[in-house]
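can't give you the sequence, but here's the structure:
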């Protein structure tokens, strides 16, 4: 049975996941600089009113990323 790949967008509000990897290398550098590292606990805090962005909690700080960027963060 094949396991479904989950991204940040699959989380429900308030749900946590652990960053596994990134599906796009060009985006990975930007996310790594912002503290989105593999094996980091990440929590979906809120979604923008029009659905273009999500707010994530990484430890003690909040990070807003675009929906297309969030779809490239693979979690487990």
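Nice, I can see it. Remember, it's a predicted structure, so these values are computed and weren't measured experimentally. Numbers count the residues shown, from 1 in each chain.

any residues touching the helix or strand bottoming out on mean pLDDT in the chain, and which ones?
When the helices and strands of the chain are scored by mean pLDDT, DSSP states H and E, helix 25-33 comes last with a mean of 89. Applying CB atoms under 8 Å, 6 or more residues apart in numbering, the external contacts of helix 25-33 come out as 22, 65, 69, 72-73. No exception for glycine: its C-beta is placed from N, CA and C like everyone else's.

Among those, which one has the most neighbours?
Among the contacts of helix 25-33, the one with the most neighbours (other CB atoms under 10 Å) is residue 73, at 25 neighbours.

Phi first, then psi, for the closest residue to that one other than its chain neighbours.
In space, not counting the residues next to it along the chain, residue 73 is nearest to residue 8; the distance is 4.7 Å by CB to CB, 6 or more residues apart in numbering. Main-chain dihedrals, residue 8, degrees, to the nearest 10: phi -60, psi -40.

How about the contacts made by residue 8?
17, 42, 44, 54, 56, 65, 70-71, 73, 75.
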